[in-house]
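A.B. asks: curious how this folds, go ahead:
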Amino acid sequence: MSVVIVERRGATALLRLNSPANMNAISLELRSELAQALPGLLQDRAVRCVIVTGSGDAFSAGGDLKQMADRRSTAVRERLQWAHRWCRLLLESETPVIAAVNGASVGAGFSLAMLCDLVLVSERGFFRAG
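C.D. replies: This is a model prediction of the structure:
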């Protein structure tokens, strides 16, 4: 099962974080699938807007704490390098990106929402920096 689902609806692309059992925490698998999906969507001239949301009751609970237990400098550096690529990609994109926050948006999930051009928040949505 894919942890990132991309649906095309005309000129709009819906990118859904799809790991509701762990509140769409940004695991290595999710990070990898985002890295594969985002560049193509943001560079595709037929895509006029990308909407990012989460499956289930959360937008994203942030980094996967079980996987972040690896505190070796190489693992930490890799996480930070990935985050840097993610930030630059979203900030430099000419394609508008909308965060549709449907629940918890925590830590790196909060950062993901804040990197979007527009943030829409449901009544259940909330933010926490960490």
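
A.B. asks: CA only for contacts and neighbour counts going forward, please
C.D. replies: Fine.

A.B. asks: can you give me the helices for this protein?
C.D. replies: For the chain, helices defined by DSSP state H occupy the ranges 28-43, 73-92, 108-114.

A.B. asks: ok, the residue nearest to the spatial centre of the chain to residue 87 distance?
C.D. replies: Geometric centre of the chain, nearest residue: residue 112, 5.3 Å, by C-alpha atoms, centre = their mean. If you measure residue 112 against residue 87 using C-alpha to C-alpha, to the nearest Å, the figure is 8 Å.

A.B. asks: also residue 5?
C.D. replies: In this view, residue 5 and residue 87 are 20 Å apart by C-alpha to C-alpha.

A.B. asks: pretty sure residue 113 contacts residue 97?
C.D. replies: No. Using C-alpha atoms under 8 Å, residue 113 is not in contact with residue 97; the gap is 9.4 Å.

A.B. asks: state the mean pLDDT of stretch 36-44.
C.D. replies: Taken as a whole, stretch 36-44 has a mean pLDDT of 94.
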